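Enquirer: generate coordinates for the sequence data below:
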Amino acid sequence: MKNNTRISILLILLLFGCQDGNQIEEIKSSNQDEVNAALIFAPLLSYKANPDLSFTSHERRGDLVERPIKFSSEGTIYYIDGTGDCTGYYQAVIEGTGKGSHMGNIIVELGYCTDADPPMVLGTVTASNGDQIFVVMTGAGEDPVNGHYQNYFIYDGNGRFAGAKGSYTLYGVVDYVNGVWFHEGGGVISY
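Expert: Here you go, the predicted model:
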């Protein structure tokens, strides 16, 4: 609980409390690991705390449109000392870039605590304009034809993706030894 409080305070200070850029840099440099973890995992914790997969108001109005979506991305995976609920374990940090239909250039940020098997992998895919989709991995394995795969559920977003729902499957390689990955694939998104 103490680490969650510290991370929350850091986020509040970073986002609202610091009028001076020097204050932000002082906070970031003195607590860099906690700040990195907070910035990566903060948007994801809302799903873990309250995984509401129900329909949003605009879905009830019927103005969501289902569209195909494709992704191609690559990046790194590394581990940091866990904070908050992950204290005593390692946190995997998965970062990358690529391209996504409806999104242009994307930044991929995923993470999980190594305390669970299978782990709850939560993530954010950020479009070139800053709009985001929020995802949770729902399964992974080996396909005899396509190799390694990961299934994701889109449970929300912001900007034009607010209230988004959907799912997609990515195929590729995760090389834990060298800390790199590559995936491509697709599915559907409604927004």
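Enquirer: surely Arg160 is within a helix?
Expert: Yes: counting by DSSP: H, G, I helix; E, B strand; the rest coil, Arg160 falls inside a helix.
Enquirer: what's the neighbour count on it?
Expert: 13 (other Cβ atoms under 10 Å). (Glycine included, C-beta is placed from N, CA and C.)
Enquirer: buried stuff in the longest strand belonging to the chain?
Expert: Scanning the chain for the longest strand, with DSSP state E as the assignment, gives strand 66-81. By neighbour count with 16 or more other Cβ atoms under 10 Å, strand 66-81 contains the buried residues Ile69, Phe71, Ser72, Ser73, Gly75, Ile77, Ile80.
Enquirer: partners of it, with directions?
Expert: strand 90-100 (antiparallel), strand 180-190 (antiparallel) (DSSP bridges).
Enquirer: I'd like the buried residues of strand 66-81 laid out as a markdown table, including distance to Phe134 and pLDDT.
Expert: A markdown table is the format used below for the buried residues of strand 66-81 (distance: Cβ to Cβ, whole Å; pLDDT from 0 to 100):
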| residue | distance to Phe134 | pLDDT |
| --- | --- | --- |
| Ile69 | 14 | 97 |
| Phe71 | 15 | 97 |
| Ser72 | 20 | 98 |
| Ser73 | 16 | 98 |
| Gly75 | 18 | 98 |
| Ile77 | 19 | 96 |
| Ile80 | 21 | 95 |
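Enquirer: and those, which is closest to Gly100?
Expert: Phe71 (4.7 Å; Cβ to Cβ).
Enquirer: show me the contacts for the closest one.
Expert: Taking Cβ atoms under 8 Å, 6 or more residues apart in numbering, we find Phe71 in contact with Gly98, Lys99, Gly100, Ser101, Ile106, Val125, Tyr168, Leu170, His183, Glu184, Gly185, Gly186.
Enquirer: can you rerun that using 10 Å?
Expert: Residues counted as contacts of Phe71 (Cβ atoms under 10 Å, 6 or more residues apart in numbering) are 98-101, 103, 106, 108, 125, 152, 168-170, 183-187.
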